[in-house]
Every structure is written in structure tokens, then in C-alpha cells.
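Participant: Here is a sequence together with a model predicted from it:
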Amino acid sequence: MNVNSSSTVKMPTAGATMHTEPQNGLGKDAFMQILVTQMKNQNPLEPMKDTEFIGQMAQFSSLEQLTNLNQAMNLFIGLQWRQSLSENADLIGNKVYWEREVNGELQSGEGIVKGLEIVNGELIVELEDNVKVPIDSIHRIEKESKTINEQEIV
């Protein structure tokens, strides 16, 4: 497969992945600081009951596991985006026919795929005439062939 220098595949940036992480919640470090401060300032004559302490440690463990799960999900989503781009990279240089409905009006066209990008979690195909269409609007793909010196090159 030939890919000329004007073909592009845009990968999601690290900032896109970071966008899904919560920004204003208490993390595990804040929770641990609260727990340590509580233990430092407790009354020695009435220490925290062991069941209370075990309950707080279980909450801390749950918080840590949820944080790890969130990080793993963000990594998984990033890998899915990259996989989706690489799976469809063969479209670059091919002729596609697309059709979609915008505001109740049916639009259609065709063009040579110039690049792919992910916008708001959706894979977008950019055509040579700078038309951008969602990949699910493509209904036909043809291998672009060129004729040089009366010989067809696929």
C-alpha cells in the first residue's frame, strides 16, 4: 500500500485521555491524609474502635481499587482509539462513497481518503476536497487506480 506524504492519521493526544479523569474529587492521598490526621488527633482514652478503623481501611482500599480501575479504563479507551485508527488506515488513498442525513436533508458524495482522525470519540474520514465525514456514513469503498502511460496502476 502506498501512502503519500500528505496522508495523515491523527492519534488522540494524552490530553484527550486526561479529559475523562475527574478533576475535583478527593483522591486516595487526601483520604489517607484525613485518616492519619484523625489517628494523630484522637483521644488516647477513647481510641478509635477497631471495627471503625477496619471500615475506614476498607473504604480506602475500595477507593484505591476504583482509582486503579479508572486508570485502566482510560488506558483501554486510548488503545481502542488507536486500534480503530490502525484498522481503518487502509482507507487512505482509496475512493469512498458516503451518504448521511444532516438536519433532515440527505447529503452524499465521493472522494479520495486523505486522512483519519478521532473527534469527540468518533472516527472521522477526511477526503481530499477537505470534506470530513463520519466513518459510519461510508457505504462503498473502491481501490483508487491511476493510469500512467496507458497502464492501469492499482
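Facilitator: Good, I have the coordinates.
Participant: which residues of this protein fall in strands?
Facilitator: 8-9, 95-102, 105-119, 122-127, 132-134, 138-142, 146-148, 151-153 (DSSP state E).
Participant: Do me a favour and average the pLDDT over the shortest one.
Facilitator: Read it as strand 8-9. Averaged across strand 8-9, the pLDDT comes to 49.
Participant: now the last one
Facilitator: Averaged across strand 151-153, pLDDT comes to 62.
Participant: Look up how far residue 84 lies from residue 72.
Facilitator: 19 Å (CB to CB, to the nearest Å). (Glycine included, C-beta is placed from N, CA and C.)
Participant: Settle it for me: which of those two has more neighbours?
Facilitator: Each of residue 72 and residue 84 has its neighbours counted (other CB atoms under 10 Å); residue 84 has more, 17 against 10.
Participant: quick one: the more buried one and residue 121 touch, right?
Facilitator: No - counting by CB atoms under 8 Å, residue 84 does not reach residue 121; the two are 9.9 Å apart.
Participant: Give the buried residues for stretch 116-123.
Facilitator: In terms of neighbour count (16 or more other CB atoms under 10 Å), stretch 116-123 has its buried residues at 116-118, 123.
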